[in-house]
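Need the 3D shape of this:
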Amino acid sequence: MRHPKVKRITGILYPDDDLLRWSIEELTNLWGCPELISSPVPFDKTDYYHDIAPELSRVFVCFPGLVDAGGLADWKHQAISIEARSRQPIRAVNIDPGYVDGARLVLASTKDHAHRIYLRDGIYGEVTLRYRFKKWQSFDYTFPDFASRAYDEFLSQVRKLWLKEVKECEE
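Numbering: from 1, shown residues only. Okay, here's the model as predicted:
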């Protein structure tokens, strides 16, 4: 049985609008014009990325079409390349690619942990949220900002796009 394709998304942590615009332009050059862009959400549940800036926001971007989930490691390497160009010597943005399908949000990471699965080339995959009983649900390891449900509306919009596109492919 062939696995359905997924909706590629990415989260962008950024300190100012200029860097957000720049990041979206860089991603657009790789993956096409964004289909959806979320409203910004203050990244204030943790200071994990304080090395980037003391105040950050997160925006999610959804890209057009359905793609093979097997590309997740490549997407993360492309994101790392963009981060490296964002500012020297310290990156000015954090870009977390992943995907949404009918049941989950999966994100890529360079960091190993018990709940992550090694994909290849130093990249791990994590099921960050699951969609169950008509809502997004977190796990005990889910990052606090995701567990706060701040992104649920956007992720649900992406999931609806996924459902629509999968149905169109089956017709």
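
going forward, measure contacts and count neighbours with C-alpha atoms only.
OK.

ok, residue 29 - how many residues close by?
9 (other C-alpha atoms under 10 Å).

One more: residue 118?
Residue 118 has 18 neighbours, counted by other C-alpha under 10 Å.

Tell me the bridge partners for it.
With DSSP bridges as the criterion, residue 118 is bridged to residue 124.

in terms of contact, does it touch residue 125 like I think?
Yes - the criterion here is C-alpha atoms under 8 Å, and residue 118 meets it with residue 125 at 6.5 Å.

in which helix or strand would I find residue 30?
Using DSSP states H and E, residue 30 sits in helix 17-31.

For the chain, which segments count as helices?
17-31, 72-86, 144-147, 152-170 (DSSP state H).

could you dump those to TSV with distance to residue 98 and mean pLDDT?
Compiled in TSV, the helices of the chain are given as follows (distance: least, C-alpha to C-alpha, whole Å; pLDDT from 0 to 100):
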stretch	distance to residue 98	mean pLDDT
helix 17-31	13	97
helix 72-86	7	96
helix 144-147	14	94
helix 152-170	12	95
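
Dump those into CSV; add distance to residue 111 as well.
Below are the helices of the chain laid out as CSV (distance: least, C-alpha to C-alpha, whole Å):
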stretch, distance to residue 111
helix 17-31, 22
helix 72-86, 12
helix 144-147, 17
helix 152-170, 23
